[in-house]
Structures are given as C-alpha cells and as structure tokens.
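Chemist: got a sequence here, can you build the structure:
(2 chains, ligands or ions: 2)
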Amino acid sequence: MGQRIIVAGASLGGLRAAEQLRATGWEGEILVIGEENHPPYNRPPLSKEVLAAPGTPKEVLSKLAFRPRRSATGIQWRLGTRITASNLAGRTITLDDGEEISFDGLVIATGLRPARVAVPGPLDGRHVLRSIDDALALHTVLLPGTRVGVIGSGFIGCESAATAASLGCAVTLVEGRTGPMERPLGSALSAGVREMLSRRGVDCREAVSVVAYRGDGSCTGIELSDGRTVSAEVIIEAVGSHANVEWLQGNGLDLGDGVECDGHLRVLAADGQPVPCVVAIGDIARYPDVRNGLPARRVEHWATPTDTAKIAAPALVAGIAGRTPAEAPAPLPSFWTDIFGTRINGVGSPADAEETRILEGDPGKPQEGVAVGYYRGNTLIGVVNAGLPASRHLHYRQLVLDAGALVTN
Amino acid sequence: MSQITVDRKLCDNHGQCAIAAPKVFSMNDEGVLEFEEIFDDALLDEVEEAIDVCPVQAIFVKD
Ligand SMILES: Cc1cc2nc3c(=O)[nH]c(=O)nc-3n(C[C@H](O)[C@H](O)[C@H](O)COP(=O)(O)OP(=O)(O)OC[C@H]3O[C@@H](n4cnc5c(N)ncnc54)[C@H](O)[C@@H]3O)c2cc1C
Ligand code: SF4
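Modeler: Ligands and ions are numbered 1, 2, ... in the order given. Sure thing, here's the model as predicted:
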C-alpha cells in the first residue's frame, strides 16, 4: 500500500498544507479531514463585508471558498468529520464515528475556536464569530437600532463593532483590560482606533470587563466591572480563543498554548525532540521567533497558514524519507485589519516591542495616514501603518526586513 | 509565456502580490496595483505564491 499523509483540519491551513505537499513532490495519498461541512473558505470577510451584507448562504460560500492550486491534484477531502483522538507513536487517528486511520505523516491544522465569557446570566443572544454559520446567524440580528454589546477589543471585537455600527446598531464596546487592538498596535495607535470608533458612534468603555449578563432567558443587558449596566439584546463575545488540541491529548505533548514546534514546524515532544513525522501549521502552531531570537509563540494571522505550510511540508516529507530537512526560512509575520474603510497593515513583531516611535503622521488620526515603528534595543522589529497607500506599506516592510538579522527573501 | 488577469472589482490593493512576485506585480505611488499580463514561465512559482497570498483571491491564471 502507498504512503498516506493525514491533514487534520480543512481550513486555510489544511488547504495550504495539501498544496505544499504536492509542490514538494509528495506523490502518496493526502487525506484532509475537517469538522466543518464547508470546503476551506476565507475567514477575514466574516467580521467585515460578509457580516455587513452576506447574501444567501450559497452566495457567501461561493464568494469565500478558496480556489485550490491547479497543481494540487488527487487530494481526498473528508468534511463534516471530527477527529476525536490520536496515537502519534502508533501513527493513527480516530474519527467521531469510531473509525481508526493510520498515517505515515500528520499535519496538525485544527486551528482555534472562540473563548467564551464565563459569567452568570442567560445564554440566549450571545454570539461568537469564527465560522460562516456564526457570521450568518449574527447578521440576521444586527438590525438598525439593535443594541449590541461587543465584549473584547482585539481585531475581531473592533471589526465587528465597526460593522455593527455601520449597519445602524447602537454599539457598546466593552474593551477589557487593554484598549482597542492595543497588544499588537501599542497605546498611541490604539487610542487613535478608539477615536475612530467613537466618532462613528461606538460607545467605548475603557478598562472595564463584564461581570454578569442581565435578563430572563435572553440577554437584555451587561453588568460591568465599574458598577454600571448597559442595555444590549445582542452580545458579541470576542475575548480570544482556545486551540483545538483535545484530540492530541495522551501523547505527552505540551498543549498549554497550541502545539509546540521547532523552526521547521516539527512538533516537539516534552523532551524537546521532534516527534517523528508530525508537523503543525497555522493558528495552532507555536513556533520560535527566529528573526528576533524570541521564544516560541502562536501567530494568529491570515498569512501564517500559508507561510508555515511552505516550511512544514518539505520538513514532513524529508522526515518520512528519513532525511533531515533543509534549513528553514524565518517568515516575517504580517496582518491587516479594516476599520470603517481604513486599512491598518502590520508587519514584523510589533507586540514584542520595548519602544515605539512615530515614523509619519499622527497616531491619533489613523484614517489620515500614520506609520509607527516598533523597536527592541535600537532594532526596528515591526511597523504598523494605517490609511496609507500600499506602496508605503511595501516601503516599511522593506525597512523591517533590512533591519532584521535574518532576511528571508 | 503565461498569462494572468486581476479582477479589478475584487482587488483591494493589498499589495501582497507585489511582495511575492515583484517582477510581475507592483504598487504605484497612489497605492494602485500595476501588473504584467504576460510573463516568462520561469516566474510561474512566484506568481503561484502571489495568487496564494492575495487576501481576496483576485488573481487568475489564464489558459
Ligand atoms: C472573523 C475573523 C476575521 C479575521 N480577520 C483577519 C484579518 O483581517 N487579518 C488577518 O491577518 N487575519 C484575520 N483572521 C485570522 C485568520 O482567518 C486565521 O489566522 C486563519 O483562519 C487560520 O487558519 P487555520 O487553518 O490555521 O485555522 P482555522 O481557520 O481555525 O481552521 C481550523 C479548522 O480545523 C477544524 N477542526 C478543529 N478541530 C478539529 C478536529 N478535532 N477534527 C477535524 N477538524 C477540526 C475546524 O473546524 C476548522 O475548520 C480572522 C479570523 C476570523 C475568525
Ligand atoms: S494582493 Fe490581491 S488585492 Fe492585493 S493588490 Fe494584489 S491582486 Fe490586488
């Protein structure tokens, strides 16, 4: 029998893994298994255009489904199927119907699911945003005049608050401990984003969290940690995520925050040695920041599945053949977000900065064009720009590449 | 030689394609995409990467 690679998770990461395995020259079987019923689709529009105007479920899917590479032939898809367990030493996985399937190589790409707010109160009216189904369900209740409480001010919280406001909802943003997108952007730009949201009518509540939801059966309001109460029939919980690692338990891995990997995205056992023939990619992979010599971290951005699949696929194929992989490139992370039509672009590792410096514009007015540099020591490790043409973004990206100790391409 | 098109209705001028395949795609000073419709097959790998990294899947290879 031929050799088989199983790809666990059928989203962007699963698709890119399958494509890159073929690009690497893997001619054996590729079986992609995913819990969602949909083929791989693009998530970023779910908090932006699609949340604002989805069209019918069929239209959404045809708009969002990825077009696989033409070279990615002979890939088997098993959708609507959850993997419940695995035995990495015995090289098998178990499906929700009890079937056991063996593998020669395994790609872990099961990503994240939204965390929930664990406070007392009714469950009805509380939403999260990760899947097409989540976005469609949320869209139907974002009617003009609806009072919406968004919990958490990371990317998804800020984007959905902006989208709900643009639909005419009365939006309160319960920011939590840090300000709007403050961890990746820093305090100056974060304050500018708050200003943009406030100007368009979003009621931003700084440094407060939720203590309880009010209502009988269905939510009517939110009790805040500052003692105040806000009315809201629709709640959007955007308080971070949990990695989908449960099916990997019992293999002696450190699953505290995703799956720990080396620079080749090979999964590491507790003794720090790679587990043979197992790699992890995308949002779930915790891998070292080689560029800045910083410890392993997860990078929850759209570019990550593509970047990491390119490294993991050749490493996995080399491992199955008993070879050591060629030296791995160190990808330069990047992200973008859109708030009321203003594009914010980030490159590098701004969240790890010790110091920020304004490179151009006024961070208090991101929509008018601004760029902020993020430094460790005297080294530029990241730039975030907002409201600037893409040519400026490319310029700043080059500055980060040139400043870094390692240049990838 | 190979040929591509970009669906301008979809293209959001992200500029990711210009990072992946700078010989084929570039962003002008206004931040608007410019690209070579016809390119040498030696650049096919780069162009495949550009297609991968376009957040809105606006780039199409023509047969
Ligand atoms: C609403 C939203 C907006 C976003 N906007 C942006 C943006 O503007 N810019 C940006 O850079 N990034 C953005 N992102 C992030 C980006 O979409 C993610 O980084 C990307 O989807 C990660 O892909 P992945 O394949 O690693 O994981 P996921 O997309 O999480 O896919 C994992 C897949 O595995 C499946 N799965 C999980 N457990 C199992 C199991 N046990 N068995 C089988 N299948 C399983 C899941 O059902 C899922 O389909 C956004 C994300 C969301 C949700
Ligand atoms: S990456 Fe896509 S959206 Fe961005 S400029 Fe290129 S074609 Fe347009």
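
Chemist: okay, CA-based contacts and neighbour counts for the rest of this
Modeler: Fine.

Chemist: assign the residue nearest to the spatial centre of chain A to helix, strand or coil.
Modeler: Note on chain A: the residue nearest the mean C-alpha position is residue A:300, at 3.4 Å, using CA atoms, centre = their mean. Following DSSP: H, G, I helix; E, B strand; the rest coil, the label given to residue A:300 is coil.

Chemist: assumed residue A:85 was part of a strand.
Modeler: Yes: Residue A:85: assigned to a strand according to three-state DSSP.

Chemist: tell me which parts of chain A are close to ligand 1?
Modeler: Counting by CA under 6 Å from any ligand atom, chain A comes close to ligand 1 at A:8-14, A:33-36, A:43-44, A:46-47, A:81-84, A:109-112, A:129-130, A:156, A:244, A:247, A:282-283, A:300-302, A:305, A:335-337.

Chemist: repeat the analysis, applying 5 Å as the threshold.
Modeler: A:9, A:11-13, A:34-36, A:43-44, A:46-47, A:82-83, A:110-112, A:130, A:282-283, A:300-302, A:335-337 (CA under 5 Å from any ligand atom).

Chemist: could you flag which of the residues you listed are buried?
Modeler: Among those, those scoring as buried are A:9, A:11-13, A:34-36, A:43-44, A:46-47, A:82-83, A:110-112, A:130, A:282-283, A:300, A:302, A:335-337 (criterion: 16 or more other CA atoms under 10 Å in any protein chain shown).

Chemist: mind listing the helices for chain A?
Modeler: Counting by DSSP state H, residue ranges of the helices within chain A are A:12-23, A:49-52, A:57-64, A:132-141, A:155-166, A:182-185, A:187-199, A:303-320, A:390-403.

Chemist: which among those helices is found nearest to residue A:293?
Modeler: Residue A:293 lies closest, by CA to CA, to one member of the helices of chain A: helix A:390-403, at 13.9 Å.

Chemist: what sits up against the closest one?
Modeler: Helix A:390-403 has contacts (CA atoms under 8 Å, 6 or more residues apart in numbering or on different chains) with A:332, A:345, A:347-348, A:379-383, A:385, A:407, B:13-15, B:19, B:27-32.

Chemist: what's the PyMOL line that selects buried ones from the residues you listed?
Modeler: Per 16+ other CA under 10 Å, the buried members of these correspond to this PyMOL selection:
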select buried, (chain A and resi 332+345+347+348+379+380+381+382+383+385) or (chain B and resi 13+14+15+19+27+31+32)
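
Chemist: what is the neighbour count of the spatially closest residue to residue A:358 that is not a sequence neighbour?
Modeler: Spatial nearest neighbour of residue A:358, excluding adjacent residues (CA to CA, 6 or more residues apart in numbering or on different chains): residue A:372 at 4.5 Å. The tally of other residues near residue A:372 (other CA atoms under 10 Å in any protein chain shown) stands at 25.

Chemist: can you check residue B:26 too?
Modeler: By the criterion of other CA under 10 Å, residue B:26 has 22 neighbours.

Chemist: hmm, residue A:360 and the residue nearest to residue A:358 touching each other?
Modeler: Yes: if you go by CA atoms under 8 Å, residue A:372 and residue A:360 touch, sitting 7.1 Å apart.

Chemist: off-centre distance for stretch A:274-289?
Modeler: Centroid separation between stretch A:274-289 and its chain, computed with CA atoms, centre = their mean, to the nearest Å, is 15 Å.

Chemist: what pLDDT, on average, does it get?
Modeler: Stretch A:274-289 shows a mean pLDDT of 97.

Chemist: and for stretch B:35-51?
Modeler: 95.

Chemist: just send the helices of chain A back as CSV, with distance to ligand 2 too.
Modeler: Formatted as CSV, the helices of chain A follow (distance: least, CA to the nearest ligand atom, whole Å):
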stretch, distance to ligand 2
helix A:12-23, 16
helix A:49-52, 14
helix A:57-64, 14
helix A:132-141, 21
helix A:155-166, 19
helix A:182-185, 22
helix A:187-199, 23
helix A:303-320, 12
helix A:390-403, 8
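
Chemist: adding mean pLDDT, write those out as JSON lines.
Modeler: Shown next, in JSON lines, are those (pLDDT from 0 to 100):
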{"stretch": "helix A:12-23", "mean pLDDT": "98"}
{"stretch": "helix A:49-52", "mean pLDDT": "97"}
{"stretch": "helix A:57-64", "mean pLDDT": "94"}
{"stretch": "helix A:132-141", "mean pLDDT": "97"}
{"stretch": "helix A:155-166", "mean pLDDT": "98"}
{"stretch": "helix A:182-185", "mean pLDDT": "95"}
{"stretch": "helix A:187-199", "mean pLDDT": "97"}
{"stretch": "helix A:303-320", "mean pLDDT": "98"}
{"stretch": "helix A:390-403", "mean pLDDT": "94"}
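
Chemist: residue A:67: what's it in contact with?
Modeler: Each residue near residue A:67 by CA under 8 Å, 6+ apart is listed here: residue B:57.

Chemist: quick one: it and ligand 1, what's the gap?
Modeler: Taking CA to the nearest ligand atom, to the nearest Å as the measure, residue A:67 falls 15 Å from ligand 1.

Chemist: same deal with residue A:403?
Modeler: Residue A:403 is 22 Å from ligand 1, by CA to the nearest ligand atom.

Chemist: again, but for residue B:47
Modeler: The value you get for residue B:47 to ligand 1, if CA to the nearest ligand atom is used, is 21 Å.

Chemist: one more: residue A:366?
Modeler: Here residue A:366 is placed at a distance of 17 Å from ligand 1 (CA to the nearest ligand atom).

Chemist: with residue A:214 instead?
Modeler: 26 Å.

Chemist: what do you get for residue A:75?
Modeler: Taking CA to the nearest ligand atom, one finds residue A:75 at 16 Å from ligand 1.

Chemist: give me the nearest residue to that residue, chain neighbours excluded.
Modeler: residue A:30 (5.4 Å).

Chemist: contacts only, for that neighbour.
Modeler: Residues in contact with residue A:30 (CA under 8 Å, 6+ apart) are A:4, A:5, A:6, A:7, A:18, A:74, A:75, A:76.

Chemist: mind running it again at 7 Å?
Modeler: Counting by CA atoms under 7 Å, 6 or more residues apart in numbering or on different chains, residue A:30 makes contact with A:4, A:5, A:6, A:18, A:75, A:76.

Chemist: near chain A, which residues of chain B?
Modeler: For chain B, the residues in contact with chain A (CA under 7 Å from any CA of the partner chain) are B:13, B:14, B:15, B:27, B:28, B:29, B:30, B:31.

Chemist: could you list which residues are in contact with the fourth one?
Modeler: Residues near residue B:27 by CA under 7 Å, 6+ apart: A:390, A:391, B:15, B:18, B:33, B:34.

Chemist: by proximity to chain A, which residue of chain B wins?
Modeler: residue B:31 (4.2 Å; CA to the nearest CA).

Chemist: returning to what we had before: would you mind measuring from the residue nearest to residue A:358 to residue A:334?
Modeler: Separation of residue A:372 from residue A:334 (CA to CA, to the nearest Å): 15 Å.

Chemist: closest to residue A:94 out of the contacts of residue A:30?
Modeler: Comparing these against residue A:94 with CA to CA places residue A:6 closest, at 11.6 Å.

Chemist: would you mind measuring from the closest one to residue A:313?
Modeler: Distance from residue A:6 to residue A:313, counting by CA to CA: 12 Å.
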